[in-house]
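Undergrad: The sequence isn't on hand, but the structure is:
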């Protein structure tokens, strides 16, 4: 049996507002969940400020390491929107006016100096393809890099438009078992389950809810039979402590 | 006049659950806001999976680049909690049992195999100092690296215990002006304000609220007089469009 193909991605979040704590990023979690559903695993993420040298370095490192790189932020019309120029620098190509995006921008009338600013959004690296945006100017892609807006609603619509355009690998499935036990109580048994199923990723996430401490055990992998076997083993482990686990949640 | 001293930090978020989208990270934003209040600027962040090679590489890169590195996640008692060992590897030192942490762990009685698992939390790199945790086993620090829990409530308490223990630099202040104008309308004028005040960081954040489009303009920097001047310029810019901006919010 051949190893199921893994397709991996990195996420690069661009913007001072994330690093100042002004804005709570939610794009990473949305990208991770959506891409995993398409068989693309997010393996690392970075957050960088609106500084060319840092963006270019991160883009070149991450696009070399992964099948895909998805960026969010910095593609609006203001002076601090420098992502397109940075991507062009990273690829060593010019920034050019894309007439397809320019047509979208020009379809909304503006005074000349406002139009000049808005046309910054039509500047993309030479050779870039487009990412549809039902609400306004498209994002773009070049090589294996997909460049999207930072505003979550727009980013989500751009991402949705990519469905079916990206290479798909194995989809990771999960089984989650929640039980009111402490991590310490199940640590040894859980380690043994991880050892018996090296093809799965066995994670343990403690929580405090309604005044009680509990742990959610999460099994992730592509082998559904192994997931079911390991989930049953986790349930049995919890029961050895005299605790009845909640039902297995499959994802 | 001497340049105000900048103290910078990176944040490293460790955990598969963040990269799978299962868990929404909130630690970065909390760290960024708290540290900035102490005069420490978060300049970059990374999210890595529970894999030793990736954690070690990120730790060594980030601790060399910044005055401080703060990590979250991976310091519990289960097999997937590998942060302490990775930090030891990054520093080229052994992992040793810290008797101070062990005493905290032993203060809560457990069966022997559970205690053995819980004592994993007392394994720290040789020479590490401690980070107080009122709820349980302490975190630790070594060199300029501060290693904290991933659970937000515990991380926040550990971070709070560091107040006064870290070097402080200049604190960045902000002025925010919200107005129901589009980014395109103010882009040109805003770029001119950024050029007139190169010591400030001028950011523009569009939003959609109650059916209306608007933009929040955020000025950040350490020079209060320049912030006030630039904020007045932003208000005047918005008024040239016939729009009355909301009051300036100082932060």
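TA: That came in fine, so what should we check first? Worth saying up front: this structure is predicted, and the values here are computed from it rather than measured.
Undergrad: okay, now the domains of chain A?
TA: As assigned by automatic domain parsing, chain A contains the domains A:8-161, A:173-250.
Undergrad: Packed most tightly, which of those would that be?
TA: Comparing those by mean neighbour count (mean count of other C-beta atoms under 10 Å in any protein chain shown), domain A:8-161 ranks first with a mean of 20. Using the backbone N, CA and C atoms, a C-beta is placed for each residue, glycine as well.
Undergrad: Now do that one: distance from first to last residue.
TA: 19 Å (C-alpha to C-alpha, to the nearest Å).
Undergrad: To residue B:147, which of the domains of chain A lies closest?
TA: Of all the domains of chain A, it is domain A:173-250 that lies closest to residue B:147, at 17.3 Å by C-beta to C-beta.
Undergrad: Any part of that closest one near chain B?
TA: Yes: Domain A:173-250 comes into contact with chain B (C-beta under 8 Å from any C-beta of the partner chain), by way of A:174, A:182-188, A:190-191, A:194, A:201-208, A:218, A:220.
Undergrad: Cross those residues against strands and list the overlap.
TA: A:174, A:201-208, A:218, A:220 (DSSP state E).
Undergrad: will you turn those into CSV that also has pLDDT?
TA: Below are those laid out as CSV (pLDDT from 0 to 100):
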residue, pLDDT
A:174, 97
A:201, 96
A:202, 97
A:203, 96
A:204, 95
A:205, 94
A:206, 91
A:207, 89
A:208, 85
A:218, 97
A:220, 97
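Undergrad: per-residue pLDDT, the residue of the stretch 151-251 of chain A found nearest chain B?
TA: At 3.3 Å from chain B, residue A:187 is the closest residue in the stretch 151-251 of chain A, using C-beta to the nearest C-beta. Residue-level confidence at residue A:187 comes out at 96, pLDDT.
Undergrad: The one 3 residues further on now?
TA: At residue A:190, the model reports a pLDDT of 97.
Undergrad: The one 4 residues further on too?
TA: At residue A:194, the pLDDT value in this model is 97.
Undergrad: who touches it in this structure?
TA: For residue A:194, the contact set (C-beta atoms under 8 Å, 6 or more residues apart in numbering or on different chains) comprises A:200, A:202, B:79-80.
Undergrad: and residue A:39, which of the three is it?
TA: With DSSP: H, G, I helix; E, B strand; the rest coil as the basis, residue A:39 sits in coil.
Undergrad: Assess the claim that it and residue A:7 are in contact.
TA: Yes: between residue A:39 and residue A:7 there is a contact under C-beta atoms under 8 Å: 5.9 Å.
Undergrad: what's near enough to touch residue A:154?
TA: A:133, A:135-136, A:148.
Undergrad: How are the helices of the stretch 1-150 of chain A distributed by residue range?
TA: Along the stretch 1-150 of chain A, the stretches classed as helices by DSSP state H, counting those that start in this stretch are A:16-19, A:27-37, A:52-65, A:83-91, A:99-106, A:112-118.
Undergrad: Now tabulate these in TSV and tack on distance to chain B.
TA: As requested, those are exported to TSV (distance: least, C-beta to the nearest C-beta, whole Å):
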stretch	distance to chain B
helix A:16-19	5
helix A:27-37	3
helix A:52-65	7
helix A:83-91	14
helix A:99-106	9
helix A:112-118	3
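Undergrad: Save these as JSON lines, and put in mean pLDDT too.
TA: Shown next, in JSON lines, are the helices of the stretch 1-150 of chain A (pLDDT from 0 to 100):
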{"stretch": "helix A:16-19", "mean pLDDT": "96"}
{"stretch": "helix A:27-37", "mean pLDDT": "97"}
{"stretch": "helix A:52-65", "mean pLDDT": "98"}
{"stretch": "helix A:83-91", "mean pLDDT": "98"}
{"stretch": "helix A:99-106", "mean pLDDT": "96"}
{"stretch": "helix A:112-118", "mean pLDDT": "94"}
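Undergrad: For residue B:164, find the nearest of those.
TA: Nearest of those to residue B:164, taken as C-beta to C-beta: helix A:16-19 at 23.4 Å.
Undergrad: From the contacts of residue A:194, pick the one nearest residue A:110.
TA: Taking the contacts of residue A:194 together and measuring to residue A:110 by C-beta to C-beta, the closest member is residue B:80, at 53.0 Å.
Undergrad: Hmm, that closest one is touching residue A:200, no?
TA: No: counting by C-beta under 8 Å, residue B:80 sits too far from residue A:200 to count as a contact (11.5 Å).
Undergrad: Just list the residues touching residue A:208, thanks.
TA: A:214, B:153.
Undergrad: picking that back up, and the helices of the stretch 1-150 of chain A as JSON lines, adding distance to residue A:240?
TA: Converted to JSON lines, these look like this (distance: least, C-beta to C-beta, whole Å):
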{"stretch": "helix A:16-19", "distance to residue A:240": "44"}
{"stretch": "helix A:27-37", "distance to residue A:240": "32"}
{"stretch": "helix A:52-65", "distance to residue A:240": "42"}
{"stretch": "helix A:83-91", "distance to residue A:240": "53"}
{"stretch": "helix A:99-106", "distance to residue A:240": "61"}
{"stretch": "helix A:112-118", "distance to residue A:240": "64"}
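Undergrad: Residue B:140 is nearest to which of the ones you listed?
TA: When these are ranked by proximity to residue B:140 (C-beta to C-beta), helix A:16-19 comes first, at 24.9 Å.
Undergrad: hmm, who's touching the closest one?
TA: Contacts of helix A:16-19 (C-beta under 8 Å, 6+ apart): A:23, A:25, A:47-50, A:73, A:80, B:28-29, B:32, B:42-45, B:201, B:203, B:205, B:218, B:220.
Undergrad: pull the longest helix from chain A.
TA: helix A:224-239 (DSSP state H).
Undergrad: Please list the outside residues in contact with that helix.
TA: Counting by C-beta under 8 Å, 6+ apart, A:173-175, A:177, A:179, A:181, A:186, A:189-190, A:193, A:196-197, A:199-200, A:202, A:217, A:219, A:221, A:244-245, A:248, A:250 sit against helix A:224-239.
Undergrad: hmm, 7 Å instead?
TA: With contact meaning C-beta atoms under 7 Å, 6 or more residues apart in numbering or on different chains, helix A:224-239 is reached by A:173, A:175, A:177, A:179, A:181, A:186, A:189-190, A:193, A:197, A:199-200, A:217, A:219, A:221, A:245, A:248.
Undergrad: Which elements pack onto the helix or strand just after that helix?
TA: Going down the chain from helix A:224-239, the next helix or strand is strand A:249-250, by DSSP states H and E. Judged by 3 or more C-beta pairs under 7 Å, 6 or more residues apart in numbering or on different chains; DSSP states H and E, strand A:249-250 is in contact with no other helix or strand.
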